[in-house]
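Trainee: Have a look at this prediction, sequence included:
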Amino acid sequence: PESLGLPHREPFVFVDKVLTAAGGEAQCVKVFSSKDPMFRGHFPGNPIVPGVILTEALAQTAGIAGAWGSDDRCFRLSAIRCMKFPAAARPEERIILNARKAGEIGGLWMFDVHAEVEGNIVAAGQIVLNEMKGAY
């Protein structure tokens, strides 16, 4: 996809499309291909999207929510809080990624995040991003 306002580039972009973004909120979509090499080892015969990858996809969604509408705002991941993975996400499933700004202090922005597949939560928690000045 286009840069989506993210500093990331392939193969480390985990957002396929922005569905909505405004006012510190974003909803995005990601579908992981069953041909992605990570599924050869996670797990053979029963592939699931790793929790750390879901967390990164949610952090990228939070970055989109925070930077949307600004030409010079960018973020780096500062903290991951209370992430839980109550169900598995699998290759070829449409994962809906949600981020909503919950607060800000100084240059730290906290987002409530969750990912769902067919209405079932597969990841939820909080992401803290550090607003960076200037380019990466």
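Mentor: Great, that's in hand. Since the model is a prediction, treat every value here as computed from it, not as a measurement. Numbering: from 1, shown residues only.
Trainee: hmm, who's touching the helix or strand harbouring Leu97?
Mentor: Element membership for Leu97, per DSSP states H and E: strand 95-105. Identification of contacts with strand 95-105 by C-beta atoms under 8 Å, 6 or more residues apart in numbering yields 15, 19, 23-32, 49, 54, 57-58, 60-62, 64-66, 89, 109-117, 122, 126-127. For the C-beta atoms, the positions are set from N, CA and C on the backbone; glycine is no exception.
Trainee: Show me which residues of it are buried.
Mentor: Ile95, Ile96, Leu97, Asn98, Ala99, Arg100, Lys101 (16 or more other C-beta atoms under 10 Å).
Trainee: name the element Trp109 belongs to?
Mentor: strand 108-117.
Trainee: contact partners of that strand?
Mentor: Under C-beta under 8 Å, 6+ apart, the answer for strand 108-117 is 54, 57-59, 61-62, 65-66, 75, 78, 81, 87, 89-90, 93-104, 121-131.
Trainee: Do you know the pLDDT at Glu56?
Mentor: On pLDDT, Glu56 comes in at 98.
Trainee: Am I right that it is in a strand?
Mentor: No - using DSSP: H, G, I helix; E, B strand; the rest coil, the assignment for Glu56 is helix, not a strand.
Trainee: Can you tell me the closest non-neighbouring residue to it?
Mentor: Phe14 (5.5 Å; C-beta to C-beta, 6 or more residues apart in numbering).
Trainee: so what's the backbone phi/psi at the residue of the chain positioned farthest from its centre?
Mentor: Of all residues in the chain, Gly45 has its C-alpha farthest from the mean position, at 25.8 Å, by C-alpha atoms, centre = their mean. In terms of degrees, to the nearest 10, the main-chain angles of Gly45 are phi 80, psi -10.
Trainee: With Gln60 instead?
Mentor: phi -70, psi -40.
Trainee: That one: what's it in contact with?
Mentor: Contacts of Gln60 by C-beta under 8 Å, 6+ apart are Leu4, Leu6, His8, Val13, Phe14, Val15, Cys28, Leu97.
Trainee: cutoff 6 Å now
Mentor: Contacts for Gln60 (C-beta atoms under 6 Å, 6 or more residues apart in numbering) come out as Leu6, Phe14, Val15.
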